[in-house]
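1. Here is the input, now give the coordinates:
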Amino acid sequence: MAAAAPRSLWIRAPNWLGDLVMATPILAAAAAEPRIERLWIGVRRHLAPVLEDGPLADRLVRFRGAGEERAALLERRPEAALLLSNSFGAALRVFRARVPVRAGAALSARAPLLTHRVIPPSRGGRRVPIPTAHLLRDVAGLLGLQVPSLEPRLHVAPESLARARGLAQAQGIEPGQPYLVCAPGAAFGASKLWPPEHFATAIDRLWETRGLRALLCGAPAESPILEAVQARAKSRPALVPAEQRDLRLLSAWIQDAALLLVGDSGPRWIAAALRVPCVSVMGPNFPELTASSLEHCRVVRLPGLPCAPCLERVCPLGHHRCLRELEPERVVAAALELLGRAG
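-> Presented below is the predicted three-dimensional model:
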């Protein structure tokens, strides 16, 4: 049974960039709910910049680890917690903080810690993959939140856009020059990485056919991957130095781009939120988990492999066929189709 919307609510944001962007309709619905007088959105500090240019910025409570999160909960003493993160630790911390109402998905063996739970469907003892956005909406419904649309939304402030354009220009992309953003990294693990030489080939083909210069983007820790792509590409892709990258700038670069070329990772959802054409290369993941907001996106994967999807962080068989055998020509064809639709 759903609980009534509380007067004070702690929303624990997801731990992954893509899931956080997918959660923006739920965050907006909570902010617009008149019965909620005090709303806090607990978010990991490195993910907060993706929301800092929008109307939710003053609701954010940033934390680095479990200790800071626990302290924030004890200081605010919310009546209810809405767990959009599926982690066991997030549920344990609201339980130990004695938050009276604790709502979330019954995953990660945390059902006993929740007062209100959504039990995802299963078959034969295994979870049936459903779109993450749908699961987040169902969890929000536990507290009576109505989410009219699952389309993610992000905002890019003019000052962020101006700074992003200045940094791109410093790397050789002139104002008004059409370009694509290429984000070849993946925080999940090596199993989601399309080979750098494949990214480089796709970049070169899009330069040859559409005149799109590539801007390589990623987290500072992904610099070796970005540099490997840059070294293999003949079209001189631009690369912003690691110390000048953050999620606020990434959103601005994507908003200005003609196309995002990305693996199966969080920037794909930034493109969806900003209505930018996107080609996403998928390997070990279930396509059903991310089967939402596909109006401007093409997901390219290699079908028919008996070992896929495995959901492992590293290929357990060592061959990584799901991505190594996915040829750049298929990705380029999907990009050209999207670019043709976008005019």
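2. give me every residue that touches Thr132.
-> With contact set as Cβ atoms under 8 Å, 6 or more residues apart in numbering, Thr132 has these partners: 18-19, 22, 289-290, 292. For the C-beta atoms, the positions are set from N, CA and C on the backbone; glycine is no exception.
3. now Ala334
-> Taking Cβ under 8 Å, 6+ apart, one finds 279, 298, 300 in contact with Ala334.
4. rewinding a little: got CSV for the contacts of Thr132, with pLDDT too?
-> Listed next are the contacts of Thr132 as CSV, based on pLDDT from 0 to 100:
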residue, pLDDT
Gly18, 95
Asp19, 97
Met22, 97
Leu289, 84
Thr290, 84
Ser292, 87
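5. who wins for neighbours among the residues you listed?
-> Each of those was scored for neighbours by other Cβ atoms under 10 Å, and Met22 scores highest at 29 neighbours.
6. Quick check: phi and psi on it?
-> Backbone geometry at Met22, expressed as degrees, to the nearest 10, gives phi -60, psi -30.
7. Surely it is in contact with Leu136?
-> Yes: between Met22 and Leu136 a contact is recorded at 6.3 Å, counting by Cβ atoms under 8 Å.
8. just to revisit the earlier point, now the contacts of Ala334 in a markdown table, please, with extra columns for distance to Ala66, pLDDT and secondary structure.
-> Converted to a markdown table, the contacts of Ala334 look like this (distance: Cβ to Cβ, whole Å; pLDDT from 0 to 100; DSSP: H, G, I helix; E, B strand; the rest coil):
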| residue | distance to Ala66 | pLDDT | secondary structure |
| --- | --- | --- | --- |
| Val279 | 37 | 98 | strand |
| Arg298 | 39 | 95 | strand |
| Val300 | 38 | 95 | strand |
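9. May I ask which of these has the most neighbours?
-> That'd be Val279 among those, by other Cβ under 10 Å, with 27 neighbours.
10. Gly176 versus that one, what's the distance?
-> 23 Å (Cβ to Cβ, to the nearest Å).
11. that older thread, with distance to Leu84 added, can I get the contacts of Ala334 in JSON lines?
-> Shown next, in JSON lines, are the contacts of Ala334 (distance: Cβ to Cβ, whole Å):
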{"residue": "Val279", "distance to Leu84": "27"}
{"residue": "Arg298", "distance to Leu84": "27"}
{"residue": "Val300", "distance to Leu84": "28"}
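12. which among those residues gets closest to Arg35?
-> Among the contacts of Ala334, Arg298 lies closest to Arg35 (Cβ to Cβ), at 40.5 Å.
13. contacting residues for the residue nearest to Ala57 when sequence neighbours are not counted?
-> Leaving aside its chain neighbours, Ala57 sits nearest to Leu51 (6.4 Å; criterion: Cβ to Cβ, 6 or more residues apart in numbering). Counting by Cβ under 8 Å, 6+ apart, Leu51 touches 20, 24, 27, 41, 43, 57, 60, 154.
14. cool, and Arg96?
-> So Arg96 contacts Arg70 (Cβ under 8 Å, 6+ apart).
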